[in-house]
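A.B. asks: Build me a model from this:
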Amino acid sequence: MPPETGTPLIIEGAGGLMVPLTRHLTFLDLFAHWRLPLVLCARTRLGTINHTLLSLEALRARSIPVLGVAFVGAAEPDTERTIAEMGQVRALGRLPWIEPLDAE
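C.D. replies: Have a look, this model is predicted:
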């Protein structure tokens, strides 16, 4: 289990669900072990629909609860709506891409 904090805990699976943490463990494996609800983040660019729907399918195949999808990048209303409808998932909103992302 992740550490007990007594407050909400955010754990970023940077790079995607299939990123290996070791030669035998991926983020997807870890999230399946924890079985905690998660928010899937999806960049709004070419390939987002395919990548996000495949990720949702992988999460559901492992019985990992999905709270919804948060989009990151330029507004793409049709893409966001398509993912929500086809993926049968809540669209949680969109955050702009921040460049550069630094302490300031």
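A.B. asks: mind listing the strands for this structure?
C.D. replies: In the chain, the strands defined using DSSP state E lie at 20-22, 25-26, 38-43, 66-72, 91-95.
A.B. asks: in its sheet, what does the shortest one sit against?
C.D. replies: The strands that strand 25-26 pairs with in its sheet are strand 20-22 (antiparallel) (by DSSP bridges).
A.B. asks: Helices along the protein, start to end?
C.D. replies: For the chain, the helices defined by DSSP state H cover 27-34, 48-61, 77-86.
A.B. asks: Distance of the nearest residue to D29 once chain neighbours are set aside relative to G15?
C.D. replies: Using CB to CB, 6 or more residues apart in numbering and skipping residues adjacent in sequence, the residue nearest D29 is L21, 7.9 Å away. Just so you know, the C-beta spots here come from the backbone N, C-alpha and C atoms, and that holds for glycine as well. Note on L21: its distance to G15, by CB to CB, to the nearest Å, is 10 Å.
A.B. asks: what residues are shared contacts of those two?
C.D. replies: When contacts are counted by CB atoms under 8 Å, 6 or more residues apart in numbering, the set common to L21 and G15 consists of F27.
A.B. asks: returning to what we had before: contacting residues for the residue nearest to D29?
C.D. replies: So L21 contacts 27, 29-30 (CB under 8 Å, 6+ apart).
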